[in-house]
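Asks: Quick one: sequence plus predicted model below, questions after.
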Amino acid sequence: MTLPATMRAVEISEPGGPEVLRPTERPVPVPRAGEVLIRLAYAGVNRPDALQRAGSYAPPPQASDLPGLEGAGEVAALGEGVSGLRVGDRVCALLPGGGYADYVATPAAHALPVPDGLGLKEAACLPETFFTVWSNVFMRGGLTAGERFLVHGGSSGIGTTAIQLASVFGARVFATAGNPTKCAACRDLGAERAIDYSSEDFVEILRAEGGADLILDMVGGDYLPRNVRALADDGRLVQIAFLQGPKVALNFAQVMMRRLTITGSTLRPQSDLAKARIADELRERVWPLLASGRIAPVVDSEFDLTQAALAHARMEQSAHVGKIVLKIA
Ligand SMILES: NC(=O)c1ccc[n+]([C@@H]2O[C@H](COP(=O)([O-])OP(=O)(O)OC[C@H]3O[C@@H](n4cnc5c(N)ncnc54)[C@H](OP(=O)(O)O)[C@@H]3O)[C@@H](O)[C@H]2O)c1
């Protein structure tokens, strides 16, 4: 494959609203040892991209300053020492950044095959949410069959992934969402009970069921004490974001008296090795479920790469259900 010297990309011209996303031209990245260069067909849009654009989520050292944490396309070049992948292979990959572009370099160990039966558009929507949900709900949170699992933001990219994975692995799934349409989507994906938080109290509903064994939360703020009340004894709370803020008064005696665990993580700053371990588990335990059609990414809408600002605006209006994707090629 002959590679051009430069490529199209969308950059964050300054911290701000969606309008600061600007088309630009950049050099095509050169894959380092252990990396692959991917010619992207699609890139997924994630809430962390919007946080980075607003100036509140800086990329880690050595990562591209361009937004974009996931994508799918064809392997265009291999860095030194890469085995197991060939130029022309169709892959989807977790990216350290740089996905809003024609080409991106990422560790080869973070690339996974496009599951049988899925197109590149659907595959581009997988890595960020599947790595995040698998590592937080199953590896960190230890969810097992029969447990009661509550996910907030059930209609989000993360939520639609968490509902499906928890259901398919045998958990009883409860999800919160902000309106009846989003609640219906949560039920269609496998939630036994969708809770419309504009009119219902998730604490009451979970307590009536005996409490949640595991909660995946991205909201924070006053959800923190409410989550603690909604947990069963020995329950676990896994925090992956704080859309309503990280600071709150909390009575930690409850944590002690009821043997609760409060934990959390962010994916992006973790080591390449930690992400490779998540990729290995996904390949073995989850990719066959995608190939058999038992679970599938939920695609809300598609925008051209040059319309990335519109894609961010849609995400921030919170009207979407599932994933927003950028078409690159
Ligand atoms: N820790 C990690 O490694 C990691 C990785 C990826 C994503 N995340 C986080 O996970 C969350 C979901 O990501 P995503 O890409 O799936 O985003 P998304 O699709 O935009 O979902 C955000 C959801 O949060 C709900 N929400 C509740 N309170 C909100 C508030 N105050 N402001 C905005 N939305 C609110 C919205 O649903 P309603 O309209 O029903 O309220 C919306 O569906 C984000 O906070 C993201 O930063 C964390």
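Replies: It's in.
Asks: For the rest of this, base every contact and every neighbour count on C-alpha atoms.
Replies: Will do.
Asks: Name the residues of the helix ranked longest in the chain that are buried.
Replies: Ordering each helix of the chain by length in residues (DSSP state H) puts helix 157-168 first. Residues of helix 157-168 classed as buried: 157-168 (neighbour count, 16 or more other C-alpha atoms under 10 Å).
Asks: other SSEs contacting that helix?
Replies: Secondary-structure packing of helix 157-168 (3 or more C-alpha pairs under 8 Å, 6 or more residues apart in numbering; DSSP states H and E): helix 127-133, strand 148-151, strand 172-177, helix 180-189.
Asks: For the ligand, find the nearest of these.
Replies: Closest approach to the ligand among these (C-alpha to the nearest ligand atom): strand 172-177, 3.5 Å.
Asks: Can you add pLDDT and give the buried residues of helix 157-168 back as JSON lines?
Replies: Formatted as JSON lines, the buried residues of helix 157-168 follow (pLDDT from 0 to 100):
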{"residue": "Gly157", "pLDDT": "97"}
{"residue": "Ile158", "pLDDT": "98"}
{"residue": "Gly159", "pLDDT": "98"}
{"residue": "Thr160", "pLDDT": "98"}
{"residue": "Thr161", "pLDDT": "98"}
{"residue": "Ala162", "pLDDT": "98"}
{"residue": "Ile163", "pLDDT": "98"}
{"residue": "Gln164", "pLDDT": "98"}
{"residue": "Leu165", "pLDDT": "98"}
{"residue": "Ala166", "pLDDT": "98"}
{"residue": "Ser167", "pLDDT": "98"}
{"residue": "Val168", "pLDDT": "98"}
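Asks: distance between the longest helix of the chain and the chain's centre?
Replies: Centre-to-centre, helix 157-168 and its host chain are 11 Å apart (C-alpha atoms, centre = their mean, to the nearest Å).
Asks: which bits of the stretch 151-300 of the chain sit near the ligand?
Replies: 153, 155-158, 177-178, 218-219, 240-241, 243-244, 265-267 (C-alpha under 6 Å from any ligand atom).
Asks: Separate out the buried members of the residues you listed.
Replies: Neighbour counting by 16+ other C-alpha under 10 Å classes 153, 155-158, 177-178, 218-219, 240-241, 267 among those as buried.
Asks: Identify, from those residues, the entry nearest to Ala33.
Replies: Leu267 (21.9 Å; C-alpha to C-alpha).
Asks: Quick check: the gap between the closest residue to the closest one other than its chain neighbours and Pro96.
Replies: Distances taken as C-alpha to C-alpha, 6 or more residues apart in numbering place Thr132 nearest to Leu267, at 6.4 Å, with adjacent residues excluded. Per C-alpha to C-alpha, to the nearest Å, Thr132 is found 14 Å from Pro96.
Asks: Of those two, give the one with the bigger neighbour count.
Replies: Pro96 (27 against 21; other C-alpha atoms under 10 Å).
Asks: What sits closest to the more buried one if chain neighbours are left out?
Replies: Closest to Pro96 by C-alpha to C-alpha, 6+ apart is Ala63, at 5.5 Å.
Asks: Skipping adjacent residues, who's closest to the most centrally placed residue in the chain in space?
Replies: In the chain, the C-alpha closest to the average C-alpha coordinate belongs to Thr129, at a distance of 2.3 Å (C-alpha atoms, centre = their mean). In space, Thr129 comes closest to Ile158 once its chain neighbours are excluded; the distance is 5.2 Å by C-alpha to C-alpha, 6+ apart.
Asks: Now do that neighbour against Arg22, distance only.
Replies: Counting by C-alpha to C-alpha, the separation of Ile158 from Arg22 is 26 Å.
Asks: Go ahead and confirm Asp49 touches Leu66.
Replies: No. At 9.4 Å, Asp49 does not count as touching Leu66 under the criterion of C-alpha atoms under 8 Å.
Asks: Mind putting the helices and strands packed on helix 157-168 into a markdown table with mean pLDDT and distance to Arg53?
Replies: Converted to a markdown table, those look like this (pLDDT from 0 to 100; distance: least, C-alpha to C-alpha, whole Å):
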| stretch | mean pLDDT | distance to Arg53 |
| --- | --- | --- |
| helix 127-133 | 98 | 17 |
| strand 148-151 | 98 | 26 |
| strand 172-177 | 98 | 25 |
| helix 180-189 | 98 | 26 |
